[in-house]
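>>> Quick one, what's the 3D model for this:
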Amino acid sequence: MVSTSKTIVISGYYGFKNSGDEAVLKSILTALEQEGQAAGVDINPVVLSIDPEWTSAAYGVKSVHRMKLGEVRQAIKDSDGLISGGGSLLQDATSPKTIPYYLGVLKIAQWLGKPTFIYAQGVGPVNRKLFYPMIRSIFRKCTYISVRDMQSGELLQSMGLSGEAVHVVPDPVMGLPLRAGEGVHRDSHPGSALKKNEAAPVSSIEEQRESSEGPVKASSLSSGETEGSLPVIGISVRYWHPERKELKAVAEGLKALAEQRPVHLRFLPFHQPDDLEASQFIADAVGDIFKNGSSISFYREEKQPQDMLREVSRCDMILGMRLHSLIYAANQSVPLLGISYDPKINHFLKRLGSEPVGSSESLDPSVLKDQMLKLLDDAAAWRAEHGEQIAVLKREAAMPARHIAQYLRHRG
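Residues are numbered from 1 along each chain as shown. Predicted coordinates for the structure are as follows:
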């Protein structure tokens, strides 16, 4: 029975409506609630967000603006501790300002005498060595440190942190459940869930495309096929290579696959509008695959991370650049192929005993096509090969929340 109430501030890349990061937050909130109840602690989260009103409405928690220093400081002062994570917070690949921001929030909490917890972070790349002593100094004062892969732990050790102080855990999203009643039963054709379940909205390209045979809708199918009977390939892509090298290769591989057998290409944009534009780029490059019985659709209706998790669960396989598209797929035991644009993709796939099908610099369309065919033809073999690793990751995903709940309980 819950006997103690504690407030925890959560710092991360939240409120930007990036599906992966929002899934991390939802996973942390879910784990804290479950582990708090088990430990007899009522944990009240306060989320630092770029859009506090949206975050509060989406998750039913208190939220303050992450860039308003006074509000951040007051929230931490009134709390019982700070969680930093999850996600790739301590990296300088996207901006040199990222690491100082997240370290600054941690430092405020430590100045105020609050316990600080590093929650399943992906650390790196850290290209500017001047950040090493800053990270080392602040992390040494943390109550608990967990990272989502061995490589992050090794990087922290290279900065001077003890290996014994760093716990390697799965990404929190491995523990995110589907909403009640949304489980998918994989029968003779898993992709049929897209057709059968009316709760899964399908947004097709409505505009007509001009082909050599006249206008063709992206949702058009041959007379012998229905959209629900086609194998569904979930596709998560993003802009990365300046010349769109990997996107062109993906389009070529998908086109070759569609020429060999009818498929439903289901684009899953994790970060809008950029990922939707990248998806449209591929759809345009694929061209007229509809006369062979194939179909294309876009998922645009995501309101919460579990919406996207549901869409992934209804696919026969996932082709992903976004890390959390691959994590969602593993979470739901959907066969997956990853395209690496960042070391974090390689790190996650390695934990599954797998490797990328290619990278943003080098992706062979013919290899991609062959690998997709292999997964479509023998999904059961993929699940048998990776099932044990997936089970372990799901089981261990709540470890940081369990540690934090136990710590708060013993603090009284």
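
>>> isn't Ala75 right up against Arg66?
No: between Ala75 and Arg66 there is no contact under Cβ atoms under 8 Å: 10.1 Å. C-beta here means a position set from N, CA and C on the backbone, and glycine is covered the same way.

>>> shared neighbours, those two?
By Cβ atoms under 8 Å, 6 or more residues apart in numbering, Ala75 and Arg66 have these common neighbours: Leu48.

>>> Could you list which residues are in contact with the residue most central in space within the chain?
For the chain, His324 is the residue whose C-alpha lies nearest the centre (Cα atoms, centre = their mean; 2.0 Å). Contacts for His324 (Cβ under 8 Å, 6+ apart) come out as Ser19, Gly20, Ala23, Val24, Asp171, Val173, Phe270.

>>> Narrow these to those in helices?
When helices are assigned by DSSP state H, the members of the contacts of His324 inside them are Ser19, Gly20, Ala23, Val24.

>>> Show the buried residues in these.
Buried residues within the ones in helices among the contacts of His324, counting neighbours by 16 or more other Cβ atoms under 10 Å: Ser19, Gly20, Ala23, Val24.

>>> Quickly find the element holding the closest residue to Lys107 other than its chain neighbours.
Using Cβ to Cβ, 6 or more residues apart in numbering and skipping the chain neighbours, the partner closest in space to Lys107 is Ile138 (5.9 Å). Following DSSP states H and E, the helix or strand that holds Ile138 is helix 131-139.

>>> Note down every partner strand of the helix or strand following that helix and its orientation.
Going down the chain from helix 131-139, the next helix or strand is strand 144-147, by DSSP H and E. Strand pairing for strand 144-147, using DSSP bridges, gives strand 116-121 (parallel), strand 166-168 (parallel).

>>> With distance to Ala283 added, can I get these in CSV?
Listed next are these as CSV, based on distance: least, Cβ to Cβ, whole Å:
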stretch, distance to Ala283
strand 116-121, 34
strand 166-168, 39
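
>>> can I get the ones you listed in JSON lines with distance to Ile282, mean pLDDT and mean neighbour count?
Formatted as JSON lines, the strands paired with strand 144-147 follow (distance: least, Cβ to Cβ, whole Å; pLDDT from 0 to 100; neighbours: other Cβ atoms under 10 Å):
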{"stretch": "strand 116-121", "distance to Ile282": "31", "mean pLDDT": "98", "mean neighbour count": "27"}
{"stretch": "strand 166-168", "distance to Ile282": "35", "mean pLDDT": "98", "mean neighbour count": "19"}
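
>>> Low-confidence ranges, the chain, go.
Scanning the chain for pLDDT under 70 picks out 1-2, 183-228, 412.

>>> Which strand or helix spans the closest residue to Gln272 other than its chain neighbours?
Counting by Cβ to Cβ, 6+ apart, Lys17 is the residue found nearest to Gln272 once chain neighbours are left out, at 7.2 Å. Following DSSP H and E, there is no helix or strand that holds Lys17.

>>> same thing with Gln91?
In the assignment (DSSP H and E), Gln91 maps to no helix and no strand.

>>> buried sites along stretch 372-379?
Met372, Leu375, Leu376, Ala379.

>>> returning to that earlier point: for Ser11, state which of the ones in helices among the contacts of His324 is nearest.
Closest to Ser11 out of those is Val24 (11.9 Å), distances taken as Cβ to Cβ.
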